[in-house]
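Q: show me the folded form of this:
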Amino acid sequence: MAKKWGKGGQNVGTLDHCGMRMCAVSEEQQGMPALPLEVKTEIVRHLSQHDLVGLASVSRAFHGTALAAIYREVVVEVGERGPVERSAVGRGTVIRSAASWRRFVGVVRERRTRGELVRAVRILCLPVGVKRCESHYFVQEVLPLLTQLREFRYHIRADWIPDDVYAHLPQQIALIDMPLKPIVAARKQKFLIQELLCKTYVCKGALHQYLRDISACSWELRQNLTKLQLHRDGMSHSFTPRAVNVGQSLVVTQYMIDNNLPQPDGAIRDFAVIYGDLDTNFWDFLKDIGPLENLRELDISGADFRPSDAVTVRNNIALRHVETLSFTNVNEIQVLPEISYEVSDMRWLLDTHFRQGFLPSIAREFRNLRRLRLDYKEAVRDSTPEFLKELAGAGVRLVEIDLMIRWDKSRALTETWESTTERYVQGITAHRATLNKLSLLAKEELNYFELHKNIPAASLSKLARCENIQSLRIYGDSLQNCGGDLLEAFPRLKYLDLCGREAAGPPHLGLYPAREAKLDNWYRTIHIPVRLAERITPLRFVRINTCLFECPADGPVSPCPQGFDRWFERRTRVSMADD
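A: Have a look, this model is predicted:
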């Protein structure tokens, strides 16, 4: 049958079909505004960033809802994202280029109503091409327009942030995460801060002054604060990556002060001066901001504690509410002013003069602790296993544990390496009923560097009692003799992280290429996840040192693309919520 053609050479049948379809779409559009707002919100939650932009431009019914979803959370970063970040649920609008960044700034500046839609700004890394003056312009001209902003993360250099940044923050701000900046002027309005994160402070004195100022310009900080994260800038810390410098010690006696350190005069006598650059009064800021009554997450890194600080912490933090505790790169300093003579027997000093450790002193205060991360060093002894047992004795059952065991030659004065690991395993298995994530590494500190240290197979085999483990991170070389049997004892294991170059086996099979190449490493190590996936059915992701593999239930083992490492870290390490 001959086709009918209309004006312009178009098929009449096609025109009729398009007309009918447009009528149907028009009728559907008329019914869209009747949908409840909750239904529209649920629909846009499952759309990608690209689809949201398209929906906002073509649909009047979904225009407002789609715009709200686009501007609600703005994430500025560079690089690929993991599988969870690429999904629609729980992600924000991602900006990766300088042009997109300038477009966002311009739109908010021109259309101020768009700024009212923004609830969170997470600037993890500014795109290449963005200048320092543009960062200052954003803070001073655009940030005040985000009147409903609740979360502000600005992970850039401190000199790229204006000193008066707090004068431009909206009053509704609840989470602040950026380098330490002084609060230069008193504000007329006060913040409602619930989460305070500072990851790059340098000077302890400046940190204490900042916390005093932020407390003064916040409504009831002691009651509202639920998350506190304080990290010292690693480049400025008085310690090398882990061990103390030459001339420093984790034990400070009066004899050491009188003979090795210059004596200050009476006018400037202070802990920080007496003990050089050891910050032994880190927790003094609690005396200024008052007791924190509702703190849920506490994360401290790069600090020096004293055993006597436990009293200050117990009196000024309601530890019974804390759910996540993280102490990393922390040293406990034993200050013994009563020892005015030379002591060569450290074991005698431990038995007669050492105070009870900081961790055991606060263990009985916890009631709701669920996640624990410790990289904690003491002189001569190690009280972390005792801390784990004290928690279990107080009725606390940990769900996630992330531990780093530190070993040096001074520890040999009190116990053997085998007895140390045995105590750690006993402390971990005390929480076996609820434990589903475990990271356990050990390092030996030498004079100028540190090395991974094997955990004895006899101790590792006892971890099989923790049958609920779903995520395991461990030094790969420790599993060479007992790895297969131990991993099979975890029937729910999904994520496995084998650290160290030795995790791939002997040098002729492992990660020892003449020239480093990611693809070569994948091919050298893929035989390990293949064999593990055959023996452990629930296993889904395996990382061998730096090579991450996916083990799907209905497909072959394959390397994961770039961008999954951070996603995998959050499933194998203990971290703060939304970190």
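
Q: am I right that Thr65 falls within a helix?
A: Yes. Under DSSP: H, G, I helix; E, B strand; the rest coil, Thr65 sits within a helix.

Q: contacting residues around it?
A: By CB atoms under 8 Å, 6 or more residues apart in numbering, the contact set of Thr65 is Leu37, Lys40, Thr41, Ile43, Val44. In this view, the C-beta of every residue, glycine as well, is placed from N, C-alpha and C.

Q: how does it look with 7 Å?
A: By CB atoms under 7 Å, 6 or more residues apart in numbering, the residues touching Thr65 are Lys40, Thr41, Val44.

Q: pretty sure the first one is in contact with His63, am I right?
A: No. Counting by CB atoms under 7 Å, His63 is not a contact partner of Lys40; they are 10.4 Å apart.

Q: more neighbours: the two, which one.
A: Between Lys40 and His63, Lys40 has the larger neighbour count (other CB atoms under 10 Å), namely 20 against 13.

Q: do you know how far the more buried one is from Ala66?
A: For Lys40, the distance to Ala66 equals 9 Å [CB to CB, to the nearest Å].

Q: mutual contacts of the two, please.
A: With CB under 7 Å, 6+ apart, Lys40 and Ala66 have no common neighbours.

Q: which stretches of the stretch 301-450 of the chain form helices?
A: Counting by DSSP state H, counting those that start in this stretch, the stretch 301-450 of the chain has helices at residues 309-316, 346-352, 358-362, 384-393, 417-429.

Q: okay, now the unreliable bits of this structure?
A: 1-33, 79-91, 184-189, 234-249, 260-279, 483, 505-521, 577-579 (pLDDT under 70).

Q: in contact with Tyr201, which residues?
A: Here Tyr201 is in contact with Leu180, Leu207, Leu230, Arg232, Asp233 (CB under 7 Å, 6+ apart).

Q: out of those, which end up buried?
A: Leu180, Leu207, Leu230, Arg232 (16 or more other CB atoms under 10 Å).

Q: which of those sits closest to Pro127?
A: Distance to Pro127 across the buried ones among the contacts of Tyr201 (CB to CB) is lowest for Leu180, with 24.3 Å.

Q: any idea how far Asp233 is from that closest one?
A: 9 Å.

Q: now do the shared contacts for these two.
A: Thr200, Tyr201.

Q: the strands in the stretch 401-550 of the chain, which residues?
A: 437-445, 450-452, 471-475, 495-499, 541-544, 547-550 (DSSP state E, counting those that start in this stretch).

Q: so which of these is the most surrounded?
A: Among the strands of the stretch 401-550 of the chain, ranked by average contacts under mean count of other CB atoms under 10 Å, first place goes to strand 541-544 (a mean of 25).

Q: which other helices and strands does it contact?
A: Packing partners of strand 541-544 (3 or more CB pairs under 7 Å, 6 or more residues apart in numbering; DSSP states H and E): strand 495-499, helix 527-535, strand 547-550.

Q: would you turn the ones you listed into CSV with distance to Asn368?
A: As requested, those are exported to CSV (distance: least, CB to CB, whole Å):
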stretch, distance to Asn368
strand 495-499, 25
helix 527-535, 35
strand 547-550, 33
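
Q: what's the closest of those to Ser419?
A: Among these, strand 495-499 comes nearest to Ser419, with 23.5 Å by CB to CB.

Q: neighbouring strands - and their directions - for the closest one?
A: Strand 495-499 has the following sheet partners, assigned by DSSP bridges: strand 471-475 (parallel), strand 541-544 (parallel).

Q: how far does the shortest one sit from the chain's center?
A: The reference is to strand 541-544. 20 Å (CA atoms, centre = their mean, to the nearest Å).

Q: residues in contact with it?
A: Here strand 541-544 has contacts from 476, 495-498, 503-504, 525, 528-529, 532, 548-551, 568, using CB under 7 Å, 6+ apart.

Q: kindly recompute the last result at 8 Å.
A: Residues contacting strand 541-544 (CB under 8 Å, 6+ apart): 476, 494-498, 503-504, 511, 525, 528-529, 532-533, 548-551, 560, 568, 571-572.

Q: next: the longest one.
A: Applying CB under 8 Å, 6+ apart, the contact partners of strand 471-475 are 402, 436-442, 452-455, 460, 487, 490, 493-500, 502-503, 571-573.

Q: kindly export the strand or helix carrying Ala99 (C-alpha atoms) in PDB.
A: Assigned by DSSP states H and E, Ala99 belongs to helix 98-110. What follows is helix 98-110, C-alpha atoms only, in PDB (Å, rounded to 0.1, in the frame of the first residue of the first chain):
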ATOM      1  CA  ALA A  98      37.000  24.800  36.700                       C
ATOM      2  CA  ALA A  99      34.300  25.800  34.100                       C
ATOM      3  CA  SER A 100      31.600  24.000  36.000                       C
ATOM      4  CA  TRP A 101      32.800  25.500  39.300                       C
ATOM      5  CA  ARG A 102      32.600  29.000  37.800                       C
ATOM      6  CA  ARG A 103      29.200  28.300  36.400                       C
ATOM      7  CA  PHE A 104      27.900  27.200  39.800                       C
ATOM      8  CA  VAL A 105      29.300  30.300  41.500                       C
ATOM      9  CA  GLY A 106      27.800  32.600  38.800                       C
ATOM     10  CA  VAL A 107      24.300  31.000  39.000                       C
ATOM     11  CA  VAL A 108      24.200  31.300  42.700                       C
ATOM     12  CA  ARG A 109      25.400  34.900  42.500                       C
ATOM     13  CA  GLU A 110      22.900  35.900  39.900                       C
END
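
Q: residues in contact with it?
A: Contacts of helix 98-110 (CB under 8 Å, 6+ apart): 74, 76, 95, 114-115, 118, 126-130, 134, 137-138, 141-142, 145-146.

Q: take the helices of the stretch 301-450 of the chain and write them to CSV, including distance to Leu197.
A: Formatted as CSV, these follow (distance: least, CB to CB, whole Å):
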stretch, distance to Leu197
helix 309-316, 19
helix 346-352, 37
helix 358-362, 22
helix 384-393, 25
helix 417-429, 29
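
Q: which among those helices is found nearest to Ser57?
A: Taking the helices of the stretch 301-450 of the chain one by one with CB to CB, helix 309-316 is closest: 53.1 Å.

Q: which helices and strands sit right next to that closest one?
A: Packing contacts for helix 309-316, counted by 3 or more CB pairs under 8 Å, 6 or more residues apart in numbering; DSSP states H and E, involve helix 285-289, helix 358-362.

Q: what residues of that helix count as buried?
A: Neighbour counts using 16+ other CB under 10 Å place Asp309, Ala310, Thr312, Val313, Asn316 of helix 309-316 among the buried residues.

Q: report the distance from that helix to the chain centre.
A: 25 Å.

Q: CA atoms of it as PDB?
A: Output of helix 309-316 as PDB, limited to C-alpha atoms (Å, rounded to 0.1, in the frame of the first residue of the first chain):
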ATOM      1  CA  ASP A 309      44.400  13.500  81.500                       C
ATOM      2  CA  ALA A 310      41.900  10.700  82.100                       C
ATOM      3  CA  VAL A 311      40.500  12.700  85.000                       C
ATOM      4  CA  THR A 312      40.000  15.800  82.800                       C
ATOM      5  CA  VAL A 313      38.300  13.700  80.100                       C
ATOM      6  CA  ARG A 314      36.000  11.900  82.500                       C
ATOM      7  CA  ASN A 315      34.900  15.100  84.000                       C
ATOM      8  CA  ASN A 316      34.300  17.100  80.800                       C
END
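
Q: the helices and strands packed on strand 541-544: which one's closest to Ser340?
A: strand 495-499 (45.1 Å).

Q: quick one, the closest one and helix 527-535 angle?
A: Between strand 495-499 and helix 527-535, the angle formed by their directions is 150 degrees, by axes from the mean of the first three to the mean of the last three CA atoms, to 10 degrees.

Q: thanks a lot, catch you later.
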